[in-house]
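> with the input below, show me the fold.
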Amino acid sequence: MEDKKGFNLHLIIIFLISLLFFSYAFIVDIRVRQRGGFFSDEASYFSITQSIAYDFDLKYTKKDIYRIKRDFGTPQGIFLKKGKDGTLYFSKSFIYPLFVAPFYKIFKTNGFFIFHAILLSLILFLGFKLAKKYFEKNLALIYTLLFTFGSIAWIYFFWMTADFFNFAIVFLSYLIFFIYKDSPKISPLLLSAFLLGIATFSKPPNIVLTLPLLFILVFKKKNLKKFLLFSLSYILPAILLFGFLYLMTGDWNFMGGERKSFYYKFPYEQKDYTFENLGIKMTASNYWERYYITPKIFFLNLIYFFIGRYTGAFIYLFPGIFFMLLFLWRKERSNNIEGIIILITFFIEILIYTGLAPDNYFGGAGSLGNRYALNFYPILFFLFPRNLDLKKAFSGFVLPFLFLAPAFFDPIFYSGYTGELSKIGILKNFPPEITQILSIPTNINPHAYRKRLQNSNIFILNNNFNAIKEDRGIWIYEEGKIEFVLETFKKCKILKLELLNIPAKKEHIIKIKIGGIKRKIKLKPSERKDIFLFNIKPTLRIKKRFYYYGYIKTALSTIPFYTTKENRDRRRVSLYFKPIFEKCVE
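Next up is the predicted model:
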């Protein structure tokens with residue numbers, strides 16, 4: 001793809017893709033795009049960026065909240081902590097805001113995305129440069145584009161959070177290292193180590209990512225000098241950043257100490273608005289008191305990590321898993337010790353996140369896929385499976401589009417409504433992560449999150465329901481499946497379902513599955529019936545909470561206002577059901 005004049009069409013393609021993202025970054029009006037609001041942790045990162053850009057500090061003052069509201073509306077979810085001298089500080093990692101602050105100072109909110117566009121462009125150009133060492137140019141370009149754009153990683157480009165930054169910094173660190181590992185120059189390796197040190201400050205588990213690089217320097221290159229200089233260049237920024245945080249706030253952990261999150265009302269807005277009488281406690285200081293894991297939860301999390309509906313790497317990070325499978329299948333893998341070490345590192349990271357954060361290993365309800373995994377997803381790029389060819393590479397685009405096409409074509413919407421992607425297409429057939437039930441993205445809908453029923457709570461996993469308004473029961477919206485998880489605080493042996501059919505003109509066939517028990521019910525028009533499920537078993541127990549996964553599938557729906565004269569209900573409805581647990585014991 002290089003013509004007689006020497007134009008490299010591969011580089012032109014990368015340039016045009018980069019230009020597209022730069023054009024967006026310079027032109028977009030962020031306030032209009034987001035209707036004056038923030039996604040996920042954006043409120044905190046935006047606030048810290050403003051503080052660094054204008055005040056050159058991490059302190060929270062009245063002028064900070066004034067600037068935020070003046071420029072961008074009311075933030076939701078600012079994290080603050082009280083320092084040793086009583087001063088309030090922003091309580092999120094400040095390394096991403098520190099890098100983006102100069103761009104924000106010059107370009108305002110567009111500066112976030114201009115910075116992201118620079119990172120993305122570097123990834124594409126350096127990724128292609130390195131891939132050419134392992135594949136011919138056409139395949140190298142496809143390899144780079146598939147890995148970057150076949151996952152959710154690029155969607156985080158549109159988020160004003162540290163997630164894309166963490167992904168890019170780790171990726172660039174590895175790219176620089178692998179490009180220059182055989183070079184006599186030492187400066188690129190020092191830059192690689194420096195970037196990885198920054199990534200470790202942003203997310204401490206990233207320390208594990210040094211293993212493949214140190215292994216190469218010690219056992220493959222056997223260069224003690226490079227090893228020592230690399231180690232020093234890695235440790236120095238991490239120590240300085242953690243040290244600065246400690247000196248500033250009295251705690252090396254930005255999530256530790258006296259920490260709160262604030263919504264709607266913020267300290268110093270009014271005289272009686274204080275840190276003490278506002279906010280929600282969100283500290284990591286008592287984490288180990290709250291920590292809970294069992295062998296079942298641990299192994300379920302390992303399964304969910306790969307094929308879970310909301311977090312599964314096979315869905316949201318497919319290219320990396322695809323390259324991993326190709327690498328494992330090829331006969332030459334025993335000769336590629338670098339690849340083996342990379343895979344070991346990848347699985348160590350999985351064990352760290354699923355083991356140390358068993359109730360939220362992916363980033364919480366505001367996440368699209370597993371945003372924490374973006375920290376170590378980049379290392380799978382460096383497997384370079386030798387049995388990859390153009391046919392396999394092109395086929396690698398198929399599943400990402402089957403899984404994620406709505407998000408690829410409308411990344412802004414699905415960034416704001418992260419639970420919606422899991423309710424459509426193929427994704428709704430993957431297992432929901434019951435271990436993560438308090439954090440899953442569908443919880444963003446307040447009508448679906450932990451609604452109180454008669455003697456249980458319900459988490460509704462799709463949109464096939466009307467908001468609960470009467471008698472602690474639920475009207476299913478239309479024919480089809482309503483999927484849910486019931487929560488009790490006692491172990492119960494019997495579940496009674498009070499059913500009320502719609503005024504349909506024919507017999508209504510209902511299929512029920514809850515806690516592993518299946519029933520098929522026939523209801524006459526407007527018929528009421530109580531159904532009992534005996535010896536029902538919880539799908540999962542977490543501490544003193546019992547969770548029962550289930551669904552009800554209906555075949556008919558109507559709008560009673562138009563079909564029954566005496567009924568004034570204008571909603572579309574399919575079936576009313578009210579779960580009541582019986583014979584419950586501690």
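
> what is the subsequent helix or strand relative to the helix ranked longest in the chain?
In the chain, with assignment by DSSP state H, the single longest helix is helix 224-249. Moving toward the C-terminus from helix 224-249, the next helix or strand (DSSP states H and E) is strand 258-263.

> tell me which other helices or strands the next helix or strand after that following strand touches.
Using DSSP H and E, the helix or strand that follows strand 258-263 towards the C-terminus is strand 280-281. On a contact count with 3 or more C-beta pairs under 8 Å, 6 or more residues apart in numbering; DSSP states H and E, strand 280-281 meets strand 258-263. Placement of C-beta: from N, CA and C, glycine included.

> could you check the angle helix 224-249 makes with the strand it packs on?
70 degrees (axes from the mean of the first three to the mean of the last three C-alpha atoms, to 10 degrees).

> per-residue pLDDT, Ile207?
The score at Ile207 is 96. That number is its pLDDT.

> can you tell me the SS state at it?
Here Ile207 is recorded as helix under DSSP: H, G, I helix; E, B strand; the rest coil.

> again with Tyr551
Recorded secondary structure, Tyr551: strand (three-state DSSP).

> now do it: how many residues are near it, please.
By other C-beta atoms under 10 Å, 16 other residues sit near Tyr551.

> and it, what does it touch?
Lys481, Ile482, Glu483, Phe484, Ile512, Lys513, Ile514 (C-beta atoms under 8 Å, 6 or more residues apart in numbering).

> distance check, the residue lying closest to it once chain neighbours are set aside against Asn429.
In this structure, Tyr551 finds its nearest non-sequential neighbour in Glu483, 4.5 Å apart by C-beta to C-beta, 6 or more residues apart in numbering. Counting by C-beta to C-beta, to the nearest Å, the gap from Glu483 to Asn429 is 11 Å.

> what does Thr563 give?
33 Å.

> of these two, which one has the most company?
Between Thr563 and Asn429, counted using other C-beta under 10 Å, Thr563 has the larger neighbour count: 12 against 7.

> test my guess that the more buried one contacts Leu556.
No - counting by C-beta atoms under 8 Å, Thr563 stays clear of Leu556, with 11.1 Å between them.

> give the residue spans of the chain that score low on pLDDT.
Within the chain, the segments meeting pLDDT under 70 span 1-7, 34-40, 284-285, 330-334, 470.

> how does it divide into domains?
The chain breaks down into these domains under automatic domain parsing: 10-39+93-253+291-409, 445-585.

> most packed of those?
Most buried of these, by mean neighbour count (mean count of other C-beta atoms under 10 Å): domain 10-39+93-253+291-409, with a mean of 19.

> quick check: end-to-end length of that one?
Length of domain 10-39+93-253+291-409, first residue to last, C-alpha to C-alpha, to the nearest Å: 24 Å.

> can you check stretch 54-70 too?
Stretch 54-70 has its terminal residues 14 Å apart, counting by C-alpha to C-alpha.

> what does stretch 304-318 give?
Terminal residues of stretch 304-318 lie 14 Å apart, using C-alpha to C-alpha.

> okay, and which of the contacts of Tyr551 map to strands?
Members of these lying in strands (criterion: DSSP state E): Lys481, Ile482, Glu483, Phe484, Ile512, Lys513, Ile514.

> what sits closest to the fourth one if chain neighbours are left out?
Pointing back at Phe484 there. Nearest residue to Phe484, sequence neighbours excluded (C-beta to C-beta, 6+ apart): Ile460, at 4.9 Å.

> tell me how far that neighbour lies from Ile536.
As judged by C-beta to C-beta, Ile460 and Ile536 stand 19 Å apart.

> ditto for Asn138
If you measure Asn138 against Ile536 using C-beta to C-beta, the figure is 57 Å.

> same deal with Leu232?
60 Å.

> then Lys553?
For Lys553, the distance to Ile536 - C-beta to C-beta - is 18 Å.

> go on, Phe215?
51 Å.

> in three-state terms, label Ile510 for me.
Counting by three-state DSSP, the backbone at Ile510 sits in strand.

> surely it touches Ile502?
No - between Ile510 and Ile502 there is no contact, the gap being 11.1 Å when judged by C-beta under 8 Å.

> can you pull the residues that touch both of those two?
In terms of C-beta under 8 Å, 6+ apart, Ile510 and Ile502 are both contacted by the residues Leu575.
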